[in-house]
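*Asks:* Output the structure for:
(chains A and B)
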Number of protein chains: 2
Amino acid sequence: MKNKTITLKKPCKISSTYSVVGEKEYNGPLGNYYDEFCLDNKFGKSSWEKAESEMQRRALNGAIKKSGYFIENFDLLLAGDLLNQCVGSAYGLSSFKTPYLGLYGACSTCALGLGIGACLFSGDIIKLCGVTTSSHFCSSERQFRFPLEYGGQRTPTAQWTVTGAGSFILGNEGKCEICQVHFGEIIDMGVKDINNMGAAMAPAAIKTIRDYFLESGLSPSSFDLIVTGDLGYEGSEILKDLLLGEGIDIRKNHVDCGLMVFDRENQDVHAGGSGCGCSAVAMASTIIPNIENGILNDVLFIGTGALMSPMTLFQGEAIPSIAHLIRIRRCK
Amino acid sequence: MKNKTITLKKPCKISSTYSVVGEKEYNGPLGNYYDEFCLDNKFGKSSWEKAESEMQRRALNGAIKKSGYFIENFDLLLAGDLLNQCVGSAYGLSSFKTPYLGLYGACSTCALGLGIGACLFSGDIIKLCGVTTSSHFCSSERQFRFPLEYGGQRTPTAQWTVTGAGSFILGNEGKCEICQVHFGEIIDMGVKDINNMGAAMAPAAIKTIRDYFLESGLSPSSFDLIVTGDLGYEGSEILKDLLLGEGIDIRKNHVDCGLMVFDRENQDVHAGGSGCGCSAVAMASTIIPNIENGILNDVLFIGTGALMSPMTLFQGEAIPSIAHLIRIRRCK
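*Replies:* From the prediction side, this is the model:
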């Protein structure tokens, strides 16, 4: 088999990160670490969809300002989100007047964007780019599930879509760097329960993590943290159990962004957070800053995504999923 | 301003192409050039969405076979489509067991995928990849417009979504090569008419083409053809007129895939074809083979996309658009 792990000849530095969240996220365990929050879940706009675009705009704007660069310095923007036709990104970033690559990786989009951006940098195609992604609880609920007003009962395995956007500036300067990228395959294990996305996505994370350790010769103990995107409680347990069955023990250093963003005991989010914004705000606010300041040294980030649509589920299909892996380490 | 044109240090060859179309496309002017057609618009499947996935599967499969490679040789697949959450691609390509990058560029997705794939190849990140995209008239109509059964009257500026999928294998071998890429910016000129996508997308094509000629120092006469994706009759006229006003005369060598795929006089398609599949099947069946066989030498392909969703139009927003440019020339 081909080696799928891409080791970047020229690692790509992360110059800055910026996170924007809503009220519930601000009241969660990472509340103090976000760059910006808004108690109005419409972010001053007239619809949830426009609010999501506004979060993306603010996140990219904030990340650019923190980086010290100007928008004129940028070669590319990479972005995506969960909304139909990825309109959160297209409308949110249209004012930046910079070449734009639209991505769709569902909740794995943050890792997908960081991976493609880092590869284009490493290959000397670009020198500087921004990666942005978002999700919004209200726009997601009405698109994927039910109108909020309906007040549908949620199952214990359901996850709560994070209202938030994260942005990352990739280029020549920064205290940490992306040194390896491992893009995942589409995995379809036949899971059909739209209220258990963790179970649908766990097999993709297992495949990507197992392949990475096999190819790299490294083991979980080589890393300070193994961060999955939004498997939640249910998916994280499946991941740890099944990897353990294959002799890969990640129990000591695994965290899941879906379990970091909310307090499951007190915030009524059932199995945890989810959405493109989930891993984006956890990585931008907490994980990457902790690599920059030396608390963490070497981290695997595995963004997980479920690639179904409401239409495909209505038509009886299962939920295909994907997991993209990014290795981020502190610069020497 | 930064130069946005990426000149690939190592041009990326196109090893093979493959096109799959429906009955109406087969009956159109390019009918003899497609690799495969199906008179059943469900392609043997139980829904139009599943048919679209089946077209993608057949297109990639066909392109791989023509290239002489095996799927095990591939580093990456890049794909996208118009369906919500890009499910045409996710379900269509899940059986290929190869790292997958999901893209969303609306009808520009073919150019977007070719551009990213060529850049990753040129930067020595990958050696071999497949780019696939599709659209289906029936799945698009019900998602973006009206149920087919409703029989809505179409306006003169409306375009007909192409039922088709195109696939391209990029790597070390081939008779033609991608040597330059120019990713476009999101352009929003305030056009709100969902039945005139050509007018919405023309400004993005104008911006990309003008910037490319400015940066490259080349002129339209440097190229055998300047191929736009799916501006149709309306958008093509706007493009030629407005470029002429800026001293760029593309009237002699401009063609639009939306005007190639259908016979406007006899196929009742109003302003022409559109959709992700439109430029994909025209490029895969006709333009690229004509570069390979020496009829054409040097071609600019500008994929155009409209980045709205039905939701954003309901909310009163205009249609943002984008155009990505790829230069393809015959290998020396």
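
*Asks:* can you give me the helices in chain A?
*Replies:* Using DSSP state H, the helices of chain A run over A:23-26, A:48-67, A:87-92, A:109-122, A:137-144, A:197-216, A:232-245, A:257-260, A:276-282, A:288-292, A:310-314.

*Asks:* Would you check how far apart the residue nearest the centre of chain A and A:Leu114 are?
*Replies:* By C-alpha atoms, centre = their mean, chain A has its centre lying nearest to A:Ser279, at 3.4 Å. Distance, A:Ser279 to A:Leu114, by C-beta to C-beta, to the nearest Å: 10 Å. All C-beta atoms are positioned from the backbone trio N, CA, C, and that covers glycine.

*Asks:* any shared contact partners between the two?
*Replies:* Common contacts of A:Ser279 and A:Leu114 (C-beta atoms under 8 Å, 6 or more residues apart in numbering or on different chains): A:Phe301.

*Asks:* Run through chain A and note the low-pLDDT ranges.
*Replies:* Along chain A, the model assigns pLDDT under 70 to residues A:1.

*Asks:* How is it partitioned into domains?
*Replies:* A:13-171, A:176-330 (automatic domain parsing).

*Asks:* and B:Val299, which of these is closest to it?
*Replies:* domain A:13-171 (20.9 Å; C-beta to C-beta).

*Asks:* Could you tell me which residues of the stretch 101-250 of chain A lie near chain B?
*Replies:* A:101-106, A:112, A:116, A:119-120, A:122-126, A:143, A:182-188 (C-beta under 8 Å from any C-beta of the partner chain).

*Asks:* Just the buried ones from these?
*Replies:* A:101-106, A:112, A:116, A:119-120, A:122-123, A:125-126, A:143, A:182-188 (16 or more other C-beta atoms under 10 Å in any protein chain shown).

*Asks:* Let's see which of those end up in strands.
*Replies:* Counting by DSSP state E, the members of those that fall within strands are A:101-102, A:182.

*Asks:* In chain A, which residue sits nearest chain B?
*Replies:* Residue nearest to chain B within chain A (C-beta to the nearest C-beta): A:Gly123, separated by 1.5 Å.

*Asks:* Once you drop chain neighbours, what's closest to that residue?
*Replies:* Spatial nearest neighbour of A:Gly123, chain neighbours left out: B:Gly123 (1.5 Å); criterion: C-beta to C-beta, 6 or more residues apart in numbering or on different chains.

*Asks:* okay but that neighbour is in contact with A:Ile116, surely?
*Replies:* No: B:Gly123 is beyond contact range of A:Ile116, at 11.1 Å (criterion: C-beta atoms under 8 Å).

*Asks:* Nearest to B:Cys86, out of the ones in strands among the buried ones among the residues of the stretch 101-250 of chain A next to chain B: which one, please.
*Replies:* Looking across these and measuring by C-beta to C-beta, the closest to B:Cys86 is A:Gly102, at 10.1 Å.

*Asks:* Ignoring the adjacent residues along the chain, who's closest to that closest one?
*Replies:* Taking C-beta to C-beta, 6+ apart, and ignoring the residues beside it in sequence, A:Gly102 has B:Tyr104 as its nearest neighbour in space, at 4.2 Å.

*Asks:* residues touching the one you found, list them.
*Replies:* B:Tyr104 makes contact with A:80, A:85-86, A:102-104, B:80, B:86, according to C-beta under 8 Å, 6+ apart.

*Asks:* distance of the residue nearest to the centre of chain A from A:Gly80?
*Replies:* From A:Ser279 to A:Gly80 the distance is 13 Å (C-beta to C-beta).

*Asks:* Using TSV, lay out the contacts of B:Tyr104 together with distance to A:Arg264.
*Replies:* Putting those into TSV (distance: C-beta to C-beta, whole Å) gives the following:
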residue	distance to A:Arg264
A:Gly80	27
A:Gln85	32
A:Cys86	29
A:Gly102	33
A:Leu103	29
A:Tyr104	29
B:Gly80	35
B:Cys86	31
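
*Asks:* biggest separation within those residues, which pair?
*Replies:* A:Gln85 and A:Leu103 (12.6 Å).

*Asks:* was I right about A:Ser222 contacting A:Val299?
*Replies:* No: with contact defined as C-beta under 8 Å, A:Ser222 does not reach A:Val299; the gap is 10.7 Å.

*Asks:* So those two - more neighbours on which side?
*Replies:* A:Val299 (23 against 14; other C-beta atoms under 10 Å in any protein chain shown).

*Asks:* that older thread, so for B:Ile206, which of the helices of chain A sits nearest?
*Replies:* Nearest to B:Ile206 among the helices of chain A is helix A:87-92; the distance by C-beta to C-beta comes to 18.6 Å.

*Asks:* List the buried residues of that closest one.
*Replies:* Neighbour-count burial for helix A:87-92 [16+ other C-beta under 10 Å]: A:87-92.

*Asks:* Give me the helices and strands touching it, please.
*Replies:* helix A:48-67, strand A:76-81, strand A:100-102, strand A:129-135, helix B:310-314 (3 or more C-beta pairs under 8 Å, 6 or more residues apart in numbering or on different chains; DSSP states H and E).

*Asks:* Can the longest one be said to contact chain B?
*Replies:* Yes: in terms of C-beta under 8 Å from any C-beta, part of helix A:48-67 sits within range of chain B, namely A:49-50.

*Asks:* just checking, what packs against that helix?
*Replies:* Using 3+ C-beta pairs under 8 Å, 6+ apart: helix A:48-67 touches strand A:5-21, strand A:76-81, helix A:87-92, strand A:129-135, helix A:137-144, strand A:164-171.

*Asks:* which residues does the nearest residue to A:Asp298 once chain neighbours are set aside contact?
*Replies:* Nearest residue to A:Asp298, sequence neighbours excluded (C-beta to C-beta, 6+ apart): A:Arg329, at 4.4 Å. A:Arg329 sits next to A:176-177, A:179, A:291, A:297-299 when contact means C-beta under 8 Å, 6+ apart.

*Asks:* try 10 Å this time
*Replies:* By C-beta atoms under 10 Å, 6 or more residues apart in numbering or on different chains, the residues touching A:Arg329 are A:11, A:176-180, A:223-224, A:291, A:296-300.

*Asks:* now it: how far from A:Cys12?
*Replies:* 12 Å.

*Asks:* Give me the common contacts of the two.
*Replies:* Here A:Arg329 and A:Cys12 have A:177-179 as joint contacts, going by C-beta under 10 Å, 6+ apart.

*Asks:* Any chance of TSV for those, columns neighbour count and distance to A:Pro147?
*Replies:* Converted to TSV, those look like this (neighbours: other C-beta atoms under 10 Å in any protein chain shown; distance: C-beta to C-beta, whole Å):
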residue	neighbour count	distance to A:Pro147
A:Glu177	20	44
A:Ile178	25	40
A:Cys179	20	45
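
*Asks:* A:Arg330 contacts A:Leu296, doesn't it?
*Replies:* Yes: between A:Arg330 and A:Leu296 there is a contact under C-beta atoms under 10 Å: 7.3 Å.

*Asks:* For these two, indicate the residue with more neighbours.
*Replies:* A:Leu296 (21 against 18).

*Asks:* Quick check: that one touching A:Asn290?
*Replies:* Yes: contact between A:Leu296 and A:Asn290 holds when scored by C-beta under 10 Å: they sit 4.7 Å apart.
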